[in-house]
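Chemist: have a look; sequence and predicted model below, questions after that.
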Amino acid sequence: MDPTYLVPVAQLMRDVPSSAKLVFSAPFDADHEFAPRGRAETDVAPDALVDVVLTLQSFSGGLRVTGRVSAPWFGVCRRCSAAVVGLSDVAVDERFVDHPEPGDEEAYLIENDAVDLAPMMHDAILLDLPLAPLCREDCAGLCPYCGVDRNEATCDCAAPHDVRWATLDGLRFADETSGESSEA
Ligand SMILES: [Zn+2]
Ligand SMILES: [Zn+2]
């Protein structure tokens, strides 16, 4: 467990209500605590620095944690396969409790007078990662026939629409003229 994310909260829990502000940067997952993602998925490098700016406010039996976490991500453009990088900057508003009510699966746990902010940060960032990023909004992608990068060059391949209909027309024509002879 990355100790930077482990925050002692005994004082906050004793003085209700009270609050504390936290500002730090720490590696996303330098110890590889979290399950790896699929190779093709947008991801955050384990040693990428996460910026954390949070306020912890105590209430009877728990803490409300609000603020922002942000982390740089990398991925692959869904149209042209170029490398893409970006920044996830996520607002968080979560609860930590020392004795969760049955069925309260939304809350994180306060354990040993401390909160581990790493799972909360990890959840927030992963939910925010783009599933299919683009290198730019108007990326023209690759030609499906010759593979040329249409952002950088043009090609003479027919438009996909035209080719598909030409093929269908040819099939229909063949069916009508050959009739049952094609099955014999
Ligand atoms: Zn692209
Ligand atoms: Zn082409």
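Modeler: All right, it came through fine. Numbers count the residues shown, from 1 in each chain. Ligands and ions are numbered 1, 2, ... in the order given.

Chemist: what's across from residue 54 in the sheet?
Modeler: Residue 54 forms beta bridges with residue 22, residue 67, as assigned by DSSP bridges.

Chemist: tell me who's in contact with it.
Modeler: 21, 22, 23, 65, 66, 67, 68, 69, 92, 117 (Cβ atoms under 8 Å, 6 or more residues apart in numbering). The way it works is simple: take the backbone N, C-alpha and C, and place the C-beta from them, glycine included.

Chemist: dump the residue contacts of the second one.
Modeler: Pointing back at residue 22 there. Contacts of residue 22 (Cβ under 8 Å, 6+ apart): 7, 52, 53, 54, 55, 56, 67, 117.

Chemist: contacts only, for the nearest residue to the last one once chain neighbours are set aside.
Modeler: Take residue 117 and drop its neighbours on the chain: the residue closest to it by Cβ to Cβ, 6 or more residues apart in numbering is residue 5, 4.4 Å away. Contacts were defined as Cβ under 8 Å, 6+ apart; by that measure residue 5 touches 26, 116, 117, 118, 121.

Chemist: tell me the mean pLDDT for stretch 154-165?
Modeler: The pLDDT scores in stretch 154-165 average 68.

Chemist: ok, the residue most central in space within the chain to residue 142 distance?
Modeler: Central residue of the chain (Cα atoms, centre = their mean): residue 129, 2.0 Å from the mean position. If you measure residue 129 against residue 142 using Cβ to Cβ, to the nearest Å, the figure is 23 Å.

Chemist: then residue 1?
Modeler: For residue 1 relative to residue 142 (Cβ to Cβ), the value is 43 Å.

Chemist: between these two, who's got more neighbours?
Modeler: residue 142 (17 against 10; other Cβ atoms under 10 Å).

Chemist: for that one, give me its contacts.
Modeler: So residue 142 contacts 79, 80, 81, 148, 149, 150 (Cβ under 8 Å, 6+ apart).

Chemist: quick one: which of the contacts of residue 54 is most hemmed in?
Modeler: Neighbour-wise, these (other Cβ under 10 Å) top out at residue 117, 26 neighbours.

Chemist: thank you, goodbye.
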